[in-house]
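J.: Sequence first, predicted model second:
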Amino acid sequence: MTQHHPDLAAEQDFIDFAYGCLERSRADAWKLRGLHEGTLGGTFQARYERDVFDEAVFNRLTQLDLGDAALVFGRIDRAVQAAGEPVGAGAAATPGAVAAGARGDEVESFHIGRLAVADENSDPVVVDWRAPVAEPFYRATGRESLGLVRRRHFHVQGRQLLGLEDELFGEGHLGIGAEGDEVAAGNGGPDISARPARPEGIRGYSTLLAALERGRTGQLGDIVATIQGEQDEIIRSPQAGVLVVQGGPGTGKTVVALHRAAYLLYTYRFPLEEQGVLVIGPNRVFLRYIERVLPSLGEAGVEQVVLADLVHDVQWARYGIDAPDSPAAARMKGDLRMGLVIDQAVTDRERPLREDLVVPFRTGYVRLRADESRRIVRAAQRRFRKHNSARRWLEGEVWAAMAASWRDDAVGAGDVKEVVRARPEVRAALERMWPVLSPAQLLHDLFGSKALLKLAAARHLSEAEYLALYRERCAEVADVRWTEHDVSLLDEARSYLGARPAKGTLRPDEADEIRTYGHIVVDEVQDLTPMQLRMVSRRSLNGSMTVVGDIAQATGALAPDDWADVLRHLPDQRPSRVIGLSVGYRIPAQIMELANRVMMAATPSLRAPTSVRGGDEHPEYVHVAESELLSAVVAATKELDADVGDGNIAVVVPDRMFEAVSQALEAAGIDHGKATRSGLEMGITVVPVSVVKGLELDGVIVVEPAAIVAGEQQGLRALYVALTRSTKRLTIVHAQPLPAAML
C-alpha cells in the first residue's frame, strides 16, 4: 500500500506558490511588451532598439510557457558550515529554507526546476536545473555527497505532486550505505515505493522507473527530472573541442546531447545566442521525433536540420525511402577522394580559348588572343580561392586585352565592354573561360558525362570507381533527383565555387554562403561518411561539437570501426574527448539479451550497455509460411495493440516490404501511419528499417529479420537497431529462417 509522506502537502503548497510566481512573471513580461505597442515610428535607431527589446521579451515569454511540463521536480537540502557558509558551491537560498539538520548543522534548501522563478521581491523560488547550485542534485553520491544531507525527487504530473522519493546522505541518517538511503512515498499515483532495489550508481531509482514506464507519445520527451550522474557529466562538460558520446541503445545519448545544447546556451548565452546552435539528425522522421525536447527546456531558437537542409539551391524529394544510389556509388560518394575529384572538376571548367576571338568594333575589330586568354585564366587561378568570385575580375582583364588590341590608345576597357559584351560569341568565350556555376550545375555536368568524369577523376580513382558515379543526364538541372549521398558533394562543390552574384547585383548571394555555428550537435554520427563529416566540420565556427552515436549501430555506406575513424574528419583545434554511456534505461533486460547476441556477431569488440529494467515479457517469435507472412503481421499488430493500450507501436520492416505491409494493415482496417510521411503521430506506424534508428516505442514488431540482414549494407547492425527500439514488448514475425546470431 502506498505510504503517505509527511511533507507531501507542504511540497504541494510550494509547487502551487511557484506556479503563482511563474504566472506573475508572465503577466509582467506581457506588460513590458505592451509598452512599445503604440510607438511604431521614430528613427532607425529607435526602431532597431524597439525590435531588439521586443524580441527579448518574446523569447522570455516563450521560456515561461511550459505547457504540460512540470515546473518543479526536485529539491536538495545542503549543509551550512558554522560560519554560515554552505558546504560546496555558493548560491542564494530559497526564502525560509534554512533549518536545523539532523546533527545540529543548519541546512539550506533549493527547489530544482525546469527554469528559474523568483517571487515579487526577486528572491529565488525555483533554481534552474542548469545553474551551478543544482549540480549536486544530479551528481551527489553516498561517497561524494557534495554537501547534501538530502536529495528529494518529486513524482509530478503537471502541477500535481503524486509522490516523493528521498535520498539521505551522511553519517547518522538511517544507516546510509555507499550510495545513500532511499525513502519513497506517494499520494494516489503509482506506488513508487514498491520498486526493485536500485542498481549501483542510479539515483532516484523509483522516480526514474516511473518515468520510464510511462507510455510513449510518438515524441521524445526531456529527462531533466531524472538525469543520472554519468549523463550529467556529459551535459556539463566543457564546451571546447569535439565531445564524442558513445552509447548503446536506450542509454539516452540523444536526449543527453539535446540537454547539453540547452545547458551550453544557458551557460554561454552571450556568444552562443548570436553564433547559433545547430542540431543535425539522420532523417526527417527523427527530427519530428525530437522536435519538442529543446522547446520544453526553454530553448526554441536552436536550428534542427538534416544535412540536405543545409543545401538550399536544389529540389529534394519530400518523401522517399529507397536511395537511388547503388552501393558502389554510395561508397564512392562518401570517399574523401571525392574532394580531389570535385576540385579538379572546377579547375577543368577554367579554360583558355583554343583560338583567337575577333569581334567587330566601330570601324574595325578588337581581338583577344588565345595565348592572352591563357595568361588571364592562370592569373585568375592564382589570385582567387573561390571560382565564382574571379569572374568579374576576369571579364575586366578580357575587356582590357581587347582595348589594347585597338589602334587608338584613347579607347579604354569600358568602351570595348559597352559595345561587345552582349555579342553571342563574346558571351560564349567568357562561359568557356570561366563560367559562373552553381554546385548543382557542376555536378549535373560532371556525373552526366563519362568524358568529364575521366578528366576530373582519372588521377584519383580507378575506372570502375569513377564510372560508378555516372548517371543519365537530365534535360534540365531542375529535373535532377539528387540522392542523400549527393548532399555532401554539392556542399563540397560550393566550398570551391563560392557564392554567385545575387540576381541583378554584383554582390555575393547570401543564400550561397556557408553559415557557421558556435556549437553543433550531430546525432547518429557513426552513419556519416567522411565527406559528410567534412561538410559538418565546414559549419563549425570554433571546433565546438557534441557528436553522439554507437559504433555497433553503424549502418552507413562507410561504417567506421572505431571513433578514431570519425574524429580524423572533425575539427581538431582543441583535443577531442570520448565519453561512454554504460547504462541502458529504456530497453528491458529480456529484449536486450536477444539484441546483444546480434551485436556480438556484428561488432564483437564492443560492450553492451547494462539494462536497469526488467521486462514483463520475453520477445515473442511468430514463424509462418511465406504465404501467411502478411496475415501474421496483421494478427501480431492487433494483439500488440490490445496489450500496450495507449502506447505506440512500430511495425519495423525491410524497406522493400514497406508498401506491402502498409497495404495489408489498411486492408485489415487497422489505422496506421507511415513513418516516411507522418512520423510517429499515429498509435501504429509502419517504419522502414532504414529510418528506425533513434526512435523508441512501447511495442515493436520486427518483420523478416533475414530480409533486413540481406537488404542492408550493414545487415546485422541494422537488425540490432530494429531489435532495440521497444520499451516493453517485442514480437518477431518471420517466414525465412532467423539469422544465426538470433538463435
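T.: In hand now; what should we look at?
J.: Listing request: residues of the stretch 451-600 of the chain with sub-threshold pLDDT.
T.: By pLDDT under 70, the weakly predicted segments of the stretch 451-600 of the chain are 502-512.
J.: ok, the residue of the chain most remote from its centre to Glu425 distance?
T.: The centre of the chain is farthest from one residue, Thr363, which by C-alpha atoms, centre = their mean lies 65.4 Å away. As judged by C-beta to C-beta, to the nearest Å, Thr363 and Glu425 stand 19 Å apart. Where C-beta positions appear, they are placed from N, C-alpha and C, glycine not excepted.
J.: next one: Pro124
T.: Using C-beta to C-beta, one obtains 76 Å as the distance from Pro124 to Glu425.
J.: out of those two, which sits in the more crowded spot?
T.: Between Pro124 and Glu425, Pro124 has the larger neighbour count (other C-beta atoms under 10 Å), namely 21 against 11.
J.: Quick check: chain neighbours aside, which residue is closest to His485?
T.: Leaving out its chain neighbours, the residue that sits closest to His485 by C-beta to C-beta, 6 or more residues apart in numbering is Lys333, at 4.0 Å.
J.: How about Pro530?
T.: Spatially, and ignoring its direct neighbours in sequence, Pro530 is nearest to Leu336 (4.4 Å; C-beta to C-beta, 6+ apart).
J.: Can you give me the neighbour number for the one you found?
T.: So Leu336, with other C-beta under 10 Å, has 14 neighbours.
J.: cool, and Ala499?
T.: Neighbours of Ala499 using other C-beta under 10 Å come to 17.
J.: secondary structure element for Ala79?
T.: Here Ala79 sits within strand 72-80, counting by DSSP states H and E.
J.: Leu446 too?
T.: Taking DSSP H and E as the criterion, Leu446 maps to helix 439-447.
J.: quick check: mean pLDDT across that helix?
T.: In this model, helix 439-447 has a mean pLDDT of 95.
J.: Contacts for whichever helix or strand comes after it, please.
T.: Sequence-wise, the next helix or strand downstream of helix 439-447 (DSSP H and E) is helix 450-457. The contact list for helix 450-457 (C-beta atoms under 8 Å, 6 or more residues apart in numbering) reads 341-342, 344-345, 348, 445-447, 463, 465-467, 469-470.
J.: Now the very next helix or strand once past helix 450-457: buried residues?
T.: Sequence-wise, the next helix or strand downstream of helix 450-457 (DSSP H and E) is helix 463-467. When neighbours are counted by 16 or more other C-beta atoms under 10 Å, the buried residues of helix 463-467 are found to be Glu465, Tyr466, Leu467.
J.: Check stretch 365-378 too.
T.: Judged by neighbour count using 16+ other C-beta under 10 Å, the buried positions of stretch 365-378 are Val366, Arg367, Leu368, Arg369, Glu372, Ser373, Ile376, Val377.
J.: phi, psi of Asp166?
T.: Main-chain dihedrals, Asp166, degrees, to the nearest 10: phi -100, psi 140.
J.: so it touches Leu148, yeah?
T.: No: counting by C-beta atoms under 8 Å, Asp166 stays clear of Leu148, with 11.2 Å between them.
J.: For the two, indicate the residue with more neighbours.
T.: Regarding Asp166 and Leu148, a neighbour count based on other C-beta under 10 Å identifies Leu148 as having more, with 24 against 21.
J.: beta partners for the more buried one?
T.: Legend: beta-bridge partners of Leu148 under DSSP bridges are Arg78.
J.: what does the one 5 residues further on give?
T.: His153 has the following beta-bridge partners by DSSP bridges: Gly74, Glu165.
J.: Distance check, it against Tyr720.
T.: Distance from His153 to Tyr720, by C-beta to C-beta: 33 Å.
J.: CA atoms only for stretch 699-717 - export them in CSV, please.
T.: Written as CSV, here are the backbone C-alpha positions of stretch 699-717 (Å, rounded to 0.1, in the frame of the first residue of the first chain):
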residue,chain,number,x,y,z
GLY,A,699,5.8,-2.2,-28.7
VAL,A,700,7.7,-3.2,-31.8
ILE,A,701,7.1,-5.9,-34.4
VAL,A,702,10.1,-6.8,-36.4
VAL,A,703,9.2,-8.4,-39.7
GLU,A,704,11.5,-10.8,-41.5
PRO,A,705,14.9,-10.3,-39.8
ALA,A,706,16.7,-12.3,-42.5
ALA,A,707,15.5,-9.9,-45.2
ILE,A,708,16.7,-7.0,-43.1
VAL,A,709,20.1,-8.5,-42.9
ALA,A,710,20.2,-9.3,-46.6
GLY,A,711,18.8,-5.9,-47.7
GLU,A,712,21.0,-3.5,-45.8
GLN,A,713,24.7,-2.7,-46.4
GLN,A,714,25.4,-3.4,-42.7
GLY,A,715,22.7,-6.1,-42.3
LEU,A,716,23.4,-7.4,-38.8
ARG,A,717,23.9,-3.9,-37.4
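J.: chain center to that stretch: distance?
T.: 24 Å (C-alpha atoms, centre = their mean, to the nearest Å).
J.: Quick check: buried residues in it?
T.: Buried, per 16+ other C-beta under 10 Å, within stretch 699-717: 699-709, 711-712, 714-717.
J.: number of nearby residues for the nearest residue to Gly614 once chain neighbours are set aside?
T.: Leaving aside its sequence neighbours, Gly614 sits nearest to Ala589 (C-beta to C-beta, 6+ apart; 5.3 Å). When neighbours are counted by other C-beta under 10 Å, Ala589 registers 14.
J.: cool, and the one 3 residues further on?
T.: Summarising burial for Met592: neighbours were counted as other C-beta under 10 Å, giving 23.
J.: Can you tell me the closest non-neighbouring residue to it?
T.: Nearest non-adjacent residue to Met592, counting by C-beta to C-beta, 6+ apart: Ser611, 4.6 Å away.
J.: who touches the one you found in this structure?
T.: Taking C-beta under 8 Å, 6+ apart as the contact definition, Ser611 lies against Gly250, Val583, Gly584, Ile587, Pro588, Ala589, Met592.
J.: Per-residue pLDDT of the closest residue to the fourth one other than its chain neighbours, please?
T.: Ranked by C-beta to C-beta, 6+ apart and with sequence neighbours excluded, the top spatial neighbour of Ile587 is Gly250, at 4.1 Å. Confidence per residue is given as pLDDT, and for Gly250 that number is 88.
J.: Quick check, Trp688 in contact with Glu659.
T.: Rather than Trp, residue 688 is Pro. No: taking C-beta under 8 Å as the definition, Pro688 is not a contact partner of Glu659, at 9.8 Å.
J.: of these two, who's got more company?
T.: For Pro688 and Glu659, the more surrounded residue by other C-beta under 10 Å is Pro688, and the numbers stand at 22 against 14.
J.: beta partners for that one?
T.: Taking DSSP bridges as the rule, Pro688 bridges to Val653.
J.: Can you show me the strands along the stretch 101-250 of the chain?
T.: 106-113, 117-118, 124-128, 148-157, 160-168, 181-186, 242-247 (DSSP state E, counting those that start in this stretch).
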